[in-house]
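>>> pasting the sequence and the predicted coordinates here, then a few questions.
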Amino acid sequence: MPKSLITLCAALLCGTLSLGADALADPAVKPAARLVQPPLVMRLGKDEFRIAFGLDTSGCAVRGCGGVIRYSVAWRTEDGTRASENRRVSYRVPPHYGRALTVDRQYFDTAEGAHTTELVNVTVASISCR
């Protein structure tokens with residue numbers, strides 16, 4: 001490979017890497033998907049819940065996107081048993097939509113329907129977008 005071609009490739013690679021680093025360092029760059037409000041918890045039964053996540057996906061509105069929301073749930077039963085679980089729910093947004101809603105259906109109890117369960121806390125750990 002000619003030396004000039006190697007120099008050109010190296011210059012292009014360095015320029016691409018520095019552009020990527022600048023974009024990552026720019027605080028004005030918003031994530032492609034983010035929550036618009038805290039998760040909404042809906043009780044459907046003694047131990048059955050729906051957890052809804054509203055997303056602002058304007059960062060990927062032109063092409064559409066999808067990803068995974070990773071979250072944790074702390075819960076307790078009426079007999080005082082406490083537990084926490086890590087969960088995940090996927091979402092998909094078609095092109096030209098700036099908002100999305102995804103809902104996860106979960107049962108939280110130590111025995112099927114034996115207790116009335118209370119959700120103490122829902123915490124979103126991460127939202128991926130591709």
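Nice, I can see it. Just so it is clear, the model here is predicted, and its values are computed rather than measured. Numbering: from 1, shown residues only.
>>> can you pull out the strands in this protein?
34-35, 40-43, 48-56, 65-77, 82-93, 99-107, 117-127 (DSSP state E).
>>> just send the ones you listed back as JSON lines, with mean neighbour count too.
For the C-beta atoms, the positions are set from N, CA and C on the backbone; glycine is no exception. Converted to JSON lines, these look like this (neighbours: other C-beta atoms under 10 Å):
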{"stretch": "strand 34-35", "mean neighbour count": "14"}
{"stretch": "strand 40-43", "mean neighbour count": "13"}
{"stretch": "strand 48-56", "mean neighbour count": "18"}
{"stretch": "strand 65-77", "mean neighbour count": "18"}
{"stretch": "strand 82-93", "mean neighbour count": "14"}
{"stretch": "strand 99-107", "mean neighbour count": "15"}
{"stretch": "strand 117-127", "mean neighbour count": "15"}
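>>> pipe the ones you listed into a markdown table and attach mean pLDDT per row.
Shown next, in a markdown table, are the strands of the chain (pLDDT from 0 to 100):
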| stretch | mean pLDDT |
| --- | --- |
| strand 34-35 | 93 |
| strand 40-43 | 96 |
| strand 48-56 | 95 |
| strand 65-77 | 94 |
| strand 82-93 | 94 |
| strand 99-107 | 93 |
| strand 117-127 | 95 |
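>>> can you list the domains in this structure?
1-29, 31-127 (automatic domain parsing).
>>> what's near enough to touch Val89?
Ile51, Phe53, Val68, Ile69, Tyr71, Thr102, Val103, Asp104 (C-beta atoms under 8 Å, 6 or more residues apart in numbering).
>>> if we go to 7 Å?
Contacts for Val89 (C-beta atoms under 7 Å, 6 or more residues apart in numbering) come out as Phe53, Ile69, Thr102, Asp104.
>>> now, which of those sits nearest Arg88?
Ile69 (6.6 Å; C-beta to C-beta).
>>> if I pick that closest one, what's in contact with it?
Phe53, Arg88, Val89, Tyr91, Thr102, Val124, Ile127.
>>> list just the nearest of those residues to Gln37.
Using C-beta to C-beta, the contacts of Ile69 come closest to Gln37 at Phe53, 9.2 Å.
>>> isn't that closest one up against Leu35?
Yes: contact criterion C-beta atoms under 7 Å: Phe53 and Leu35 qualify, at 6.5 Å.
>>> this completes my enquiry, with thanks.
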